[in-house]
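**Q** please find the sequence and the predicted model below.
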Amino acid sequence: MNSSDAPAAIRVRSIPAGHDYVRHAVGSAPGIVLLDDPLVDPADPSQWWPHPALEAAERPEVLDGADLVHVHFGYEHRTPDQVAGFVSAVRGRALPLVVTVHDLRNPHEADPTAHLARTGHLARGADVVITLTSGAAAEIRRLWGADARVVPHPRLMAAEVTEPHRRRRLQRLGRGGVGSGGTRTVGVVLGSLRAGVAAEDLLPVLAEALPPGDRLEVMVRSDALAAARDPGHDRHRAALALDGLAANSAVEVRPHELLTDSALCARLAGFDALVLPHRHGTHSGWLELCRDLGLPPVIPRVGYLVEQWGRGAGTYDPAHPTADSLRGALRTALDGPPVPPRPPEAEDAAVSAAHAGLYHAALAAVR
């Protein structure tokens, strides 16, 4: 076969393209070209939201040049009717539609109703539905009658970012297994205190459950904490809980500015366990970052996070956290076996190849 006989690359309009998950899941897929995200803000070329391609019903030209459309996330600013119109616009162009259901419950929205309606339009209208766990696939089938393909989550960050920190963490553990003086550090990352992040109910109980001699470090965006200290702020109780920890000498609240990927990994690699503070959700990129760094998590029993992790882990009920349950979960994380390397089927090359196969099948079915 000469070069003119080679099959043309499939041009994918991914919503979005400029996201770490998409880069690792699809970026190296053979015969696939990810179209760049449209420019949203000339002052910030990396910004992809709100993604213009979701306006295909009003602006058909946003789909020009694509052979296939793949929706991941970033559609919560659209109404369910607008998402239905987007699906119709894609179908009207005879383009295959692939949808990855990352979240059946949007982790940043307190009320799941609108997100389920939006996602339902996408799942019912898609040629291929992908999700990350068999539990989520079963729920998608029950809700919308779609048979989702399960493709594991790839690594969250590039190996060149995470590996130096993972190796340094292993070296630290090899010198005695814990931090200096035998003290272990349990971490919690609250980010910007969005709706799906627990603080006021979790943190006081977690501090009580901390093993004697160990310490708790709570990371939170400084701008979010400052805003939440306003009595009229909807996360004011979270700010009160964080400020209330100041009297506990075993707890350090560390406000911080936006961190680079490497700086975040350096902080996380200094922990001996990471407690995920999710109130609700379906899957979590934080679990994949824990896997990338070899960091044992304590996992809330929400959605399919426990299945996503795929091995023994300390867990707790975020709706009713108790000192006893968190004490046991911390013991499992801190005293359990090391986190194994990422499984081969979840490595980038395998995940990219799986996506390429699904894209070819979807395109063949539409043609």
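**A** Perfect, thanks for sending it. Residues are numbered from 1 along each chain as shown.
**Q** quick one: the residue nearest the centre of the chain from residue 183, how far?
**A** In the chain, the centroid-proximal residue (Cα atoms, centre = their mean) is residue 285; its distance is 2.8 Å. The gap separating residue 285 from residue 183 is 29 Å, by Cβ to Cβ, to the nearest Å. (C-beta placed from N, C-alpha, C; glycine too.)
**Q** and the helices in the protein, which stretches?
**A** 20-26, 80-92, 113-125, 134-144, 159-174, 203-209, 222-228, 236-244, 261-269, 285-293, 305-309, 323-335, 348-366 (DSSP state H).
**Q** report the buried residues of the third one.
**A** For helix 113-125, the neighbour count (16 or more other Cβ atoms under 10 Å) marks 115-116, 118-123, 125 as buried.
**Q** with just CA atoms, put that helix into CSV.
**A** Provided in CSV are the C-alpha atoms of helix 113-125 (Å, rounded to 0.1, in the frame of the first residue of the first chain):
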residue,chain,number,x,y,z
THR,A,113,-31.7,16.9,38.1
ALA,A,114,-30.5,19.2,35.3
HIS,A,115,-27.2,17.3,34.8
LEU,A,116,-29.1,14.0,34.5
ALA,A,117,-31.4,15.5,31.9
ARG,A,118,-28.5,16.9,29.9
THR,A,119,-26.6,13.7,30.0
GLY,A,120,-29.6,11.7,29.1
HIS,A,121,-30.0,13.6,25.8
LEU,A,122,-26.4,12.9,25.1
ALA,A,123,-26.5,9.2,26.0
ARG,A,124,-29.7,8.5,24.1
GLY,A,125,-28.4,10.3,21.0
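**Q** chain center to it: distance?
**A** Between the centre of helix 113-125 and the centre of its host chain there is 19 Å, according to Cα atoms, centre = their mean, to the nearest Å.
**Q** that one vs helix 134-144, what angle?
**A** Counting by axes from the mean of the first three to the mean of the last three Cα atoms, to 10 degrees, helix 113-125 lies at 90 degrees to helix 134-144.
**Q** and helix 113-125 with helix 80-92, angle?
**A** Using the same axes, to 10 degrees: helix 113-125 against helix 80-92 is 20 degrees.
**Q** and helix 113-125, what other elements does it pack with?
**A** helix 80-92, strand 97-100, helix 134-144 (3 or more Cβ pairs under 8 Å, 6 or more residues apart in numbering; DSSP states H and E).
**Q** repeat for the fifth one
**A** With contacts defined as 3+ Cβ pairs under 8 Å, 6+ apart, the secondary structure elements packing on helix 159-174 are helix 261-269, helix 285-293.
**Q** how many neighbours does residue 266 have?
**A** 16 (other Cβ atoms under 10 Å).
**Q** for the one 4 residues further on, same thing?
**A** Residue 270 has 16 neighbouring residues, counting by other Cβ under 10 Å.
**Q** that one and residue 186, how far apart?
**A** Applying Cβ to Cβ, the value for residue 270 to residue 186 is 11 Å.
**Q** repeat for residue 143
**A** To residue 186, residue 143 is 36 Å away according to Cβ to Cβ.
**Q** again with residue 348
**A** 30 Å.
**Q** likewise for residue 136?
**A** 28 Å.
**Q** neighbour count for those two, which is higher?
**A** For residue 136 versus residue 186, neighbours defined as other Cβ under 10 Å are more numerous around residue 186 (26 against 22).
**Q** that one touches residue 276, doesn't it?
**A** No: the pair residue 186 / residue 276 is not scored as a contact, 11.7 Å apart, by Cβ atoms under 8 Å.
**Q** in stretch 33-41, which residues are buried?
**A** 34-35, 37.
**Q** now, the residues you listed that are in strands?
**A** residue 34 (DSSP state E).
**Q** of the buried residues of stretch 33-41, closest to residue 60?
**A** residue 35 (15.6 Å; Cβ to Cβ).
**Q** quick one: contacts for the closest one?
**A** Neighbouring residues of residue 35 by Cβ atoms under 8 Å, 6 or more residues apart in numbering: 11-14, 17, 65-66.
**Q** and for the nearest residue to residue 49 once chain neighbours are set aside, the neighbour number?
**A** In space, and not counting its chain neighbours, residue 49 is closest to residue 74: 5.1 Å by Cβ to Cβ, 6 or more residues apart in numbering. By other Cβ under 10 Å, 17 other residues sit near residue 74.
**Q** list the contacts of the residue nearest to residue 104 when sequence neighbours are not counted.
**A** Sequence neighbours aside, residue 282 is the residue nearest to residue 104 in space, at 4.6 Å (criterion: Cβ to Cβ, 6+ apart). By Cβ under 8 Å, 6+ apart, the contact set of residue 282 is 101-105, 107, 136, 303-305.
**Q** output those residues in TSV; the columns should cover pLDDT and distance to residue 319.
**A** Formatted as TSV, the contacts of residue 282 follow (pLDDT from 0 to 100; distance: Cβ to Cβ, whole Å):
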residue	pLDDT	distance to residue 319
101	98	23
102	97	22
103	97	18
104	97	17
105	93	13
107	87	15
136	98	20
303	97	13
304	98	17
305	98	14
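**Q** can you say which of the helices and strands packed on helix 113-125 is nearest to residue 265?
**A** Of the helices and strands packed on helix 113-125, nearest to residue 265 by Cβ to Cβ is strand 97-100, at 24.7 Å.
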